[in-house]
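> Sharing a model that was predicted from the sequence below.
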Amino acid sequence: MTISPPKSKLASYSLHAVGVACGLAAATWLAAAEAPTKLVTAGFSPFLISLGMVAGVFVARWTVPVALKGTGYVLADIREKPHLIIWAIIAGMLWAVGNTLTVFAVRNVGLSIAFPLWNINSLVGLFWGWLLFKELRGSGAGRVVGGAVAIVGGACLLAYSTSQQPTHGQFGGAMLGIVAALGAGLQFGTMYIPYRKAYISGMNPLSFVTVFTFGELGMVFALALIFDGGLHNVMAGLNRARPALFWLFLGGFCWVVGDLFQNYAAKYIGIARGIPLSNTNQLWGLAWGVLVFGELAGQGFSTHMLVFAGSVIMIGGAGAICSAKASESEESSWRSATERECDRYDLDYGRVASSLRGEDPLSADKPARHWWELVLVAAATAVFVWLAIAAKHPPIEVNVAWMGVLMFITLVCLVACGLLLWKRTHFS
């Protein structure tokens, strides 16, 4: 979908297909990224888990954009739209708080239950997309509203099924986990405001996420200092967790890949559609929780039915939202929102519109690439290798066969969607 008059039906369809593919690929990687949060059940602090993941995110965020486009490209994009720096930092801070809350949720109610609950972010994102960016201003809104109701209904059903489970008294019980998951959903949903603001301004997702990482690392480090007893305790905790840091860094890397796909989905089909589509990660999260980590083992048939029914209802709601393709009147509203941003920040509307058509106006400027970018990528790789050498098998029972199957599917999605994105947009 574009915000400018489509040149042909093929071009419009291709961009819509790219957005849908990115949303689906994001789902697999975002689910895989949450698997390391299971380490919290082994006694690690939720703040330490979040800090380890964000450190991995920081390393990956500075290397993936460098490898794909180069620092010259990223810096040129940021200089062209400097007003988005603060928005990217705010988005990173919101994500850091939300991610920390997800760790509490996983600790108290498990991955397969927490995942669908915090995915109410699709409902929050849908509201902000409608209110602030003029999405859903046309035909098809009824289908979107129906999907939103289904998402809320599915979340309530899952919350009810959780209330039937034994609580983890030492951690505060299932209710604390439910509140943490819902709070994470609110943070994640609000985070999409800066996302959408960036993309209707023509910013490349690779540039946006590079700045984003400063907000998330700064916020999660501050949370760890405040709630884990200061710098000395945080550093001591990281040292004790050294054998597990590789898995946390790996989770952070997976999240970066998933978030990049999610950002491209938000750019090309909007947050009201792209975010619910990427939130099919709840299905993959359920698969990781049940098949790999054995959650719900020993529970009764009724509990299993409630969990699966709730997940299916929420996925059906997301599907209804995403199938409501934008009408011409909505695309006109999108153009109005973009013109507003261009007028407010003195942006070149032609360049912004070109970016939203899947073109790359910055490529014509031929930003320079530098030899030391290879050093950055090599250094990041060395960090992962160094942590892998010291890594130990987590003290958690896993089903290796199912883990291999899910990892294979995740890699296939990466290759397939990456090639589609490159061929159609050159990662614009």
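Looks like it came in fine.
> host element of L286?
If you go by DSSP states H and E, L286 is part of helix 281-287.
> ok, residues contacting that helix?
26-28, 30-32, 34, 111-112, 115-116, 119, 258, 307-308, 311, 314-315, 402, 406 (CB atoms under 8 Å, 6 or more residues apart in numbering). From N, CA and C alone the C-beta is placed, and that goes for glycine too.
> what's the following helix or strand after that helix?
Toward the C-terminus from helix 281-287 - assigned by DSSP H and E - lies helix 301-322.
> could you say what helices and strands that following helix packs with?
helix 111-118, helix 121-133, helix 141-163, helix 271-278, helix 281-287 (3 or more CB pairs under 8 Å, 6 or more residues apart in numbering; DSSP states H and E).
> Against which helices or strands is whichever helix or strand comes after it packed?
Using DSSP H and E, the helix or strand that follows helix 301-322 in sequence is helix 328-345. Secondary-structure packing of helix 328-345 (3+ CB pairs under 8 Å, 6+ apart): helix 349-356.
> Please state the offset of stretch 246-263 from the chain centre?
Offset of stretch 246-263 from its chain centre (CA atoms, centre = their mean, to the nearest Å): 8 Å.
> number of nearby residues for G350?
G350 is flanked by 12 other residues according to other CB atoms under 10 Å.
> On the pLDDT front, check it for me.
For G350, the pLDDT comes out at 92.
> Would you mind finding the longest helix in the protein?
helix 242-269 (DSSP state H).
> buried ones in it?
244-269 (16 or more other CB atoms under 10 Å).
> ditto for stretch 129-141
Quick answer for stretch 129-141 (16+ other CB under 10 Å): 129-130, 133-138, 140-141.
> for the host helix or strand of T28, packing partners?
Using DSSP H and E, T28 falls within helix 9-34. Judged by 3+ CB pairs under 8 Å, 6+ apart, helix 9-34 is in contact with helix 111-118, helix 242-269, helix 271-278, helix 281-287, helix 400-425.
> list the contacts for L296?
So L296 contacts 110, 112, 289-290, 303-304, 307 (CB under 8 Å, 6+ apart).
> So it versus P116, what's the distance?
Here L296 is placed at a distance of 13 Å from P116 (CB to CB, to the nearest Å).
> Same question for V145.
20 Å.
> Comparing those two, which residue is more hemmed in?
P116 (30 against 16).
> Next, the contact list for that one, please.
154-155, 158, 282, 285-286, 310-311, 314.
> could I get the helices and strands packed on helix 301-322 as a markdown table with mean pLDDT?
A markdown table is the format used below for the helices and strands packed on helix 301-322 (pLDDT from 0 to 100):
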| stretch | mean pLDDT |
| --- | --- |
| helix 111-118 | 75 |
| helix 121-133 | 86 |
| helix 141-163 | 72 |
| helix 271-278 | 84 |
| helix 281-287 | 79 |
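> out of these, nearest to K69?
helix 271-278 (21.2 Å; CB to CB).
> And the pLDDT for M1?
pLDDT at M1 comes out at 41.
> ok, the most centrally placed residue in the chain to L376 distance?
Nearest to the mean C-alpha position of the chain, counting by CA atoms, centre = their mean, stands D259 at 3.9 Å. Separation of D259 from L376 (CB to CB): 20 Å.
> repeat for N121
32 Å.
> Might you list the low-confidence residue ranges for the stretch 201-350 of the chain?
Across the stretch 201-350 of the chain, nothing is flagged by pLDDT under 70.
> OK, contacts around G229?
Counting by CB under 8 Å, 6+ apart, there are no residues that G229 touches.
> number of nearby residues for the residue lying closest to A35 once chain neighbours are set aside?
The shortest distance from A35 to any non-neighbouring residue, by CB to CB, 6 or more residues apart in numbering, is to W288 (5.2 Å). Per other CB under 10 Å, the neighbour tally for W288 reads 23.
> Could you double-check that W288 sits in contact with L30?
No: assessed by CB atoms under 8 Å, W288 is found out of contact with L30, at 11.0 Å.
> sorry, back to before: show me how far the helix holding L286 is from its chain's centre.
Counting by CA atoms, centre = their mean, helix 281-287 comes out at 14 Å from the chain centroid.
> Return it as CSV; C-alpha atoms alone will do.
C-alpha atoms of helix 281-287 as CSV (Å, rounded to 0.1, in the frame of the first residue of the first chain):
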residue,chain,number,x,y,z
ASN,A,281,3.9,-14.3,17.0
GLN,A,282,1.5,-15.4,19.8
LEU,A,283,1.0,-18.7,17.8
TRP,A,284,4.8,-19.2,17.6
GLY,A,285,5.2,-18.2,21.2
LEU,A,286,2.6,-20.8,22.1
ALA,A,287,4.6,-23.3,20.1
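> Can we start the residue count at 35 from this point?
Yep, numbering from 35; the last one is helix 315-321 now.
> Pull out the buried residues from that helix.
Result for helix 315-321 [16+ other CB under 10 Å]: buried residues 315-321.
> Contacts only, for the closest residue to S312 other than its chain neighbours.
Nearest residue to S312, sequence neighbours excluded (CB to CB, 6+ apart): A60, at 4.0 Å. For A60, the contacting residues are 292-296, 299, 311-312, 315, by CB under 8 Å, 6+ apart.
> I'd like the residues you listed as JSON lines, with distance to L135 appended.
Output for the contacts of A60, formatted as JSON lines (distance: CB to CB, whole Å):
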{"residue": "G292", "distance to L135": "18"}
{"residue": "D293", "distance to L135": "17"}
{"residue": "L294", "distance to L135": "22"}
{"residue": "F295", "distance to L135": "23"}
{"residue": "Q296", "distance to L135": "18"}
{"residue": "A299", "distance to L135": "23"}
{"residue": "L311", "distance to L135": "23"}
{"residue": "S312", "distance to L135": "19"}
{"residue": "N315", "distance to L135": "16"}
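> Which elements pack onto the helix or strand hosting F222?
Element membership of F222 [criterion: DSSP H and E] is helix 208-233. Contacts defined by 3+ CB pairs under 8 Å, 6+ apart place helix 208-233 against helix 118-143, helix 145-152, helix 155-167, helix 175-197, helix 239-261, helix 276-303, helix 305-312.
> what's the distance between the closest residue to G90 other than its chain neighbours and K301?
Excluding its sequence neighbours, the residue lying closest to G90 (CB to CB, 6+ apart) is G286, at 2.5 Å. Plainly put, G286 is 22 Å away from K301 if you go by CB to CB.
> can you check N133 too?
In terms of CB to CB, N133 sits 22 Å off from K301.
> How about stretch 231-241, which residues are buried there?
For stretch 231-241, by 16+ other CB under 10 Å, it's 231-241.
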